[in-house]
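Participant: here is my input; please provide its structure:
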Amino acid sequence: MVGSILEVTPLRWIARGMWEVRKWYNEFCCQSEREARGLSLLKEWLSSEQLTQYEAEKHFDVLGCHSGKRYRIRHGRVSNIQELDDSGRPKIGWCFIPKDCPIVGDVMLAQKIALETNEIGALTVAKQFAVRWSAQ
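Facilitator: Alright, predicted model coming up:
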């Protein structure tokens, strides 16, 4: 009986390990591909100035279509929009995301389009948050 347990148990461990590796590979690779496609699409929609800014700083600025206010969209899904003052310092934070949109590039693109084409509508559903600013 002891011999059969020793023979079966390692096979179960190997099978479980292979299953976990396969699960991790599928989640990681598929997610990475989707993230890469989302960022690629985002970059196609950015102006040359915004693209340069994003590649150097991982954020880009947009102008609100109604107010002309400048917003900075940082790389991320939530709490990643900052309204800037006339000196370019963060004034207030805004958070709005499209429903069921887990890909960072897609979220940022939706935020860009919303602020540039329907700023009032976007800010109506957005949540405000306080931002901290440092000169660094």
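Participant: which residues sit in contact with residue 43?
Facilitator: Counting by C-beta atoms under 8 Å, 6 or more residues apart in numbering, residue 43 touches 51, 54, 105. Glycine gets a C-beta too; all of them are placed from N, C-alpha and C.
Participant: for residue 112, see how far away it is.
Facilitator: For residue 43, the distance to residue 112 equals 11 Å [C-beta to C-beta, to the nearest Å].
Participant: where does the prediction get shaky in the chain?
Facilitator: Scanning the chain for pLDDT under 70 picks out the ranges 1-19, 21-31, 133-136.
Participant: so where do the strands sit in it?
Facilitator: 59-63, 70-74, 81-84, 90-95, 127-129 (DSSP state E).
Participant: give me whichever of the ones you listed is most buried.
Facilitator: strand 81-84 (a mean of 22; mean count of other C-beta atoms under 10 Å).
Participant: partner strands of it and their direction?
Facilitator: Strand 81-84 has the following strand partners under DSSP bridges: strand 70-74 (antiparallel), strand 90-95 (antiparallel).
Participant: using JSON lines, lay out those strands together with distance to residue 130.
Facilitator: Output for these, formatted as JSON lines (distance: least, C-beta to C-beta, whole Å):
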{"stretch": "strand 70-74", "distance to residue 130": "15"}
{"stretch": "strand 90-95", "distance to residue 130": "7"}
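Participant: so what's residue 54 closest to, chain neighbours aside?
Facilitator: residue 60 (4.5 Å; C-beta to C-beta, 6 or more residues apart in numbering).
Participant: residues touching that neighbour, list them.
Facilitator: 46, 50, 51, 53, 54, 72, 73, 112.
Participant: what sits against the nearest residue to the last one once chain neighbours are set aside?
Facilitator: Closest residue in space to residue 112, ignoring its immediate chain neighbours: residue 62 at 5.4 Å, by C-beta to C-beta, 6+ apart. With C-beta under 8 Å, 6+ apart as the criterion, the residues that contact residue 62 are 50, 70, 71, 73, 112, 115, 116.
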